[in-house]
Each structure stands twice: as structure tokens, then as C-alpha cells.
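Asker: A structural model of the following input is requested.
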Amino acid sequence: VQLQASGGGLVQAGGSLRLSCAASGDTFSMYYMGWFRQAPGKEREFVAAINRSGTTTYYPDSVKGRFTISRDNAKNTAYLQMNSLKPEDTAVYFCAADRRTMLFTTRYDYWGQGTLVTVSS
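Answerer: Below you'll find the model as predicted:
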């Protein structure tokens, strides 16, 4: 499967952005999806994950209550709605896919190219 992330940009603290991850090349509904982020000089960090049907989601405490992952299997797209953004949310955001299981680490088999989110104070 090929993944294309989009929707990043510059936003003020407290603002919102919605990222999209468009999938192609395989049956999207067969994949568990995840979002990660990587700030300069830091390791890639888990942000959100969703199961194949969209009924189960997971978040780390750092984004819980502010970020929402979702998917539209008919549109072959996963989303990350980010609200109440903080300067520390600034990073390149990546979507990822895996057929095996929902993962909270970087062991996904497929990755998008990343989209930059910058939150100004």
C-alpha cells in the first residue's frame, strides 16, 4: 500500500488542523492505521492508532482529549483531527499502515512521507 499524508501547515497555539492520509494500491480496510510525529532532534513518537473498522482507537497521554484519529474506508483515507494545538506539537507527522495488528511503536510496515505541522506561540 502507498500512503500520502497531507494537511500540515502553520497554526497558532490553540488552533486546529486536520491531517489526511490517502491510501492506494491495496484494500485500505485490511490495514490498521497509525499516526506518528518527529520533532527535530527527537525520536519518532506514537500519536494515535485505529483498528480496521474504526471502532477502536488509542492515544498517548500527551495528545489524549485533543487529537482524534478516524478513517473512512470508502474513501481509503485516515484522518488526524488536532485541536488545542500547542507549540510542543510542532513536528513532521507521519501516517503508517500495517496488516497484522494495531501497533503503538514504529514497527508498521508502510509509511507515508510526512507532513509538517508548525504551532506558533
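Asker: farthest from the middle of this protein: give me that residue.
Answerer: Distance from the C-alpha centroid of the chain, by C-alpha atoms, centre = their mean, peaks at Ser121 (22.4 Å).
Asker: confidence score at that residue?
Answerer: With respect to pLDDT, Ser121 scores 93.
Asker: contact partners for it?
Answerer: Ser121 is in contact with Ala13, Pro87, counting by C-beta atoms under 8 Å, 6 or more residues apart in numbering. Every C-beta, even on glycine, is put in place using the N, C-alpha and C of the backbone.
Asker: that one and Thr105: what is the separation?
Answerer: Look at Ser121 and Thr105: by C-beta to C-beta, to the nearest Å, they are 30 Å apart.
Asker: over to Tyr31?
Answerer: 16 Å.
Asker: more neighbours: which of the two?
Answerer: Higher neighbour count among Tyr31 and Thr105: Tyr31, with 26 against 9, using other C-beta atoms under 10 Å.
Asker: can you check the pLDDT for the more buried one?
Answerer: On the pLDDT scale, Tyr31 is placed at 98.
Asker: how about Ala39: what's its closest non-neighbour residue?
Answerer: Excluding the flanking residues, the one nearest Ala39 by C-beta to C-beta, 6 or more residues apart in numbering is Ala91, at 4.2 Å.
Asker: all good on my end, thank you.
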